[in-house]
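S.K.: Provided below for reference: sequence and predicted model.
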Amino acid sequence: MSRATISAGDIDALAAKLDVWAKAQGVTSVHAFKVCRRHLSTARIMATDSARLTGIAHAHTHFQIAKAAAAEKAGR
């Protein structure tokens, strides 16, 4: 069984989708979004798949917070 790898290009694609979402939701200035983006940028340069996956997991946590901020903003 071969093991899938996480490339820098994969993370770039994920970051691009995140940027589009954030702009559409108007949360690009929300701290959680900025931290999420920073985790993805850091994950991109990590040497191992395990380290990249950890960075992506941390980014996901902050994405959930940014998503909640977007929902709150939409409810106003």
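M.R.: Now that the structure is in, tell me what you want to look at.

S.K.: in what helix or strand does the nearest residue to V30 once chain neighbours are set aside lie?
M.R.: With sequence-adjacent residues excluded and distances taken as Cβ to Cβ, 6 or more residues apart in numbering, V30 is closest to A69, at 4.8 Å. Quick note: C-beta positions are derived from backbone N, CA and C, even for glycine. Element membership for A69, per DSSP states H and E: helix 49-75.

S.K.: next one: that helix to chain centre, how far?
M.R.: 6 Å (Cα atoms, centre = their mean, to the nearest Å).

S.K.: go ahead and produce PDB holding the CA coordinates of stretch 23-43.
M.R.: In PDB, the C-alpha atoms belonging to stretch 23-43 read as follows (Å, rounded to 0.1, in the frame of the first residue of the first chain):
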ATOM      1  CA  LYS A  23     -13.300  37.200   1.100                       C
ATOM      2  CA  ALA A  24     -16.800  36.000   0.300                       C
ATOM      3  CA  GLN A  25     -17.700  35.900   4.000                       C
ATOM      4  CA  GLY A  26     -15.900  39.200   4.800                       C
ATOM      5  CA  VAL A  27     -13.700  37.700   7.500                       C
ATOM      6  CA  THR A  28     -10.300  38.400   6.100                       C
ATOM      7  CA  SER A  29      -9.500  40.700   9.000                       C
ATOM      8  CA  VAL A  30     -10.700  38.200  11.700                       C
ATOM      9  CA  HIS A  31      -7.800  37.000  13.900                       C
ATOM     10  CA  ALA A  32      -8.800  33.300  13.600                       C
ATOM     11  CA  PHE A  33      -8.600  33.500   9.800                       C
ATOM     12  CA  LYS A  34      -5.100  35.100  10.000                       C
ATOM     13  CA  VAL A  35      -3.900  32.400  12.300                       C
ATOM     14  CA  CYS A  36      -5.400  29.700  10.200                       C
ATOM     15  CA  ARG A  37      -3.600  31.200   7.100                       C
ATOM     16  CA  ARG A  38      -0.400  31.400   9.000                       C
ATOM     17  CA  HIS A  39      -0.600  27.700  10.000                       C
ATOM     18  CA  LEU A  40      -1.100  26.800   6.400                       C
ATOM     19  CA  SER A  41       1.900  28.900   5.400                       C
ATOM     20  CA  THR A  42       4.000  27.200   8.000                       C
ATOM     21  CA  ALA A  43       2.700  23.700   7.100                       C
END
